[in-house]
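Q: below are the sequence and a predicted model for it; my questions follow.
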Amino acid sequence: MPVLVLAIVSALIDQGIKYYVQSQMTLGMSIPVINGVFHITYILNPGAAFSILEHQTILLMAVTVGMLAALVYFYGHIAAGPWLMRLGAGLLAGGAIGNLIDRVKTGYVVDFLDFRIWPVFNSADVAIVTGVSLLMYTMLFFPETLPGGNPGRTEKES
């Protein structure tokens, strides 16, 4: 699946789920799925992960736009890279776009996945963490796929 299509699909799924949560629940409402373990809890997060940088909406939007610009800049390399790199970039971009849409609309991010031992998060966060993990995996175990990457060769061998 092309990176751009995956990013758009990921962002649309995220926004669809958030729309459903917002239309069916009241703010602060919590529905147990597995009582005491997993709940759907509707909250608004004014910050980033773990609510860090609360109410720094402009900064968080700028960081997101900068990250998306970097993905666009490296798009040619990503599109030609291994499928794990493409998958990771698409998920990262889609999740970032999903949360960016929330920040632009309201200044908050809609969170709803509540495992009770972890701060409440959302589907865009899952896409971002999965995407970053796949990109890191690719960089660590397939460094030859990175721009200028050919770690097995030295200057003398070239």
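A: Sure, I can see it.

Q: can you tell me the average pLDDT over stretch 61-81?
A: Per-residue pLDDT over stretch 61-81 has a mean of 90.

Q: residues making contact with that stretch?
A: By CB atoms under 8 Å, 6 or more residues apart in numbering, the surrounding residues in contact with stretch 61-81 are 2-3, 85-86, 89, 92-93, 96-97, 99-100, 103-104, 138, 145-147. In short, each C-beta sits where N, CA and C put it, glycine included.

Q: quick check: next helix or strand after whatever helix or strand I97 lives in?
A: In this structure, I97 sits in helix 83-106 according to DSSP states H and E. Counting by DSSP H and E, the next helix or strand C-terminal to helix 83-106 is strand 109-114.

Q: helix or strand next in line after that following strand, which one?
A: As assigned by DSSP H and E, the chain's next helix or strand after strand 109-114 is helix 123-141.

Q: okay, the angle between that next one and strand 109-114?
A: Orientation check (axes from the mean of the first three to the mean of the last three CA atoms, to 10 degrees): helix 123-141 against strand 109-114 gives 80 degrees.

Q: check which helices and strands helix 123-141 sits against.
A: Judged by 3 or more CB pairs under 8 Å, 6 or more residues apart in numbering; DSSP states H and E, the packing partners of helix 123-141 are helix 3-24, helix 83-106, strand 109-114.

Q: about what we covered before: list the buried residues in the helix holding I97.
A: By 16 or more other CB atoms under 10 Å, the buried positions in helix 83-106 come out as 84-103.

Q: distance of the closest residue to D111 other than its chain neighbours from M85?
A: Excluding the flanking residues, the one nearest D111 by CB to CB, 6 or more residues apart in numbering is V120, at 4.3 Å. V120 sits 30 Å away from M85, going by CB to CB, to the nearest Å.
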